[in-house]
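Q: need a structure here:
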Amino acid sequence: MQYIKITDAIREQIQSGQLAAGTKLPSERKLAEAFKTTRVTLREALSLLEADGLIFREDRRGWFISQRPLVINLSKPYEFSSVALSLGRKPTTEVLSSESMMANKESTEALSLPPFSDVFRFERVHSLDGRPVMYAEHVIRAERVPNLLQHALEGDLSELYQSEWQLNVTEAKYRVVSTTFDQDVALATRSTTGSPAIKITKVNVDESGVAQEVVFEYWRCSAIELEMEAAFTLR
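A: The predicted model follows:
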């Protein structure tokens, strides 16, 4: 099939280094002309490369070659900026919104809250080397971190929680699923609605075993690589 040949040709150029990370591909029109194919067939090929994490699309800007993914170890709690810095990357964080509200159904279940519980909710976008790669929605018990919204929320939250309220996260529970970006998340990450994404639901638990915060993370597939360490006893 022609789209497979196109996929293989672009993949070979990426893997050989001819197309370096961050390089912008020619427009779809020019690529279709170069491969003597239709825009429909070309988009099939590009979608396959995107699913493999080799390229990504930014709304109204076009297609780009992916940077190397950020490796996240789910065996322990992690902070985006700390992981990025440890790997020699440049992280930045932008707070989109923050509010005090009543917990919705999803956060009530994640945190085992009684009905009508007050929570703080805030949204952040994380960028890696200048490119937005992850949108995060945080929901945390309001009574545990009073006046949270009066503090700067761009930095390392674990340090803020510990220094201001002596809240120590000692355990994290994860749920990982494949999904797609909805319109709001796509806009925040300069992606396109319907693009493939990885959703990580992270429940942060304190030293007394209480779930204090739930974070819903939506990652570009090309930006993340997950790993986990586990010990087994064979009988």
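Q: Packing partners of the longest helix belonging to the chain?
A: Counting residues, the longest helix found in the chain (DSSP state H) is helix 2-16. For helix 2-16, the elements it packs on are helix 39-51, judged by 3 or more C-beta pairs under 8 Å, 6 or more residues apart in numbering; DSSP states H and E. Quick note: C-beta positions are derived from backbone N, CA and C, even for glycine.
Q: which secondary element of the chain has the worst mean pLDDT?
A: Taking mean pLDDT, DSSP states H and E as the measure, the chain has strand 55-58 as its least confident helix or strand, at a mean of 81.
Q: a helix runs through residue 152, doesn't it?
A: No - counting by DSSP: H, G, I helix; E, B strand; the rest coil, residue 152 falls outside a helix, being coil.
Q: number of nearby residues for it?
A: Applying other C-beta atoms under 10 Å, we find 7 residues neighbouring residue 152.
Q: what about the residue nearest to residue 39 when sequence neighbours are not counted, how many neighbours?
A: The shortest distance from residue 39 to any non-neighbouring residue, by C-beta to C-beta, 6 or more residues apart in numbering, is to residue 32 (5.2 Å). If you count neighbours by other C-beta under 10 Å, residue 32 ends up with 19.
Q: just the strands in this structure please.
A: For the chain, the strands defined by DSSP state E cover 55-58, 62-65, 70-73, 91-102, 118-128, 131-141, 169-180, 196-206, 211-220, 224-227.
Q: Present these as a markdown table; the columns should include mean neighbour count and distance to residue 3.
A: Shown next, in a markdown table, are these (neighbours: other C-beta atoms under 10 Å; distance: least, C-beta to C-beta, whole Å):
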| stretch | mean neighbour count | distance to residue 3 |
| --- | --- | --- |
| strand 55-58 | 20 | 14 |
| strand 62-65 | 17 | 15 |
| strand 70-73 | 16 | 29 |
| strand 91-102 | 13 | 35 |
| strand 118-128 | 20 | 29 |
| strand 131-141 | 22 | 26 |
| strand 169-180 | 14 | 21 |
| strand 196-206 | 19 | 17 |
| strand 211-220 | 22 | 22 |
| strand 224-227 | 14 | 26 |
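Q: rank these by mean pLDDT and give me the bottom one.
A: Mean pLDDT per stretch puts strand 55-58 lowest among these, at a mean of 81.
Q: circling back: same list (the strands of the chain) but as a markdown table, adding distance to residue 157.
A: Output for those, formatted as a markdown table (distance: least, C-beta to C-beta, whole Å):
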| stretch | distance to residue 157 |
| --- | --- |
| strand 55-58 | 27 |
| strand 62-65 | 30 |
| strand 70-73 | 16 |
| strand 91-102 | 10 |
| strand 118-128 | 9 |
| strand 131-141 | 8 |
| strand 169-180 | 9 |
| strand 196-206 | 9 |
| strand 211-220 | 8 |
| strand 224-227 | 19 |
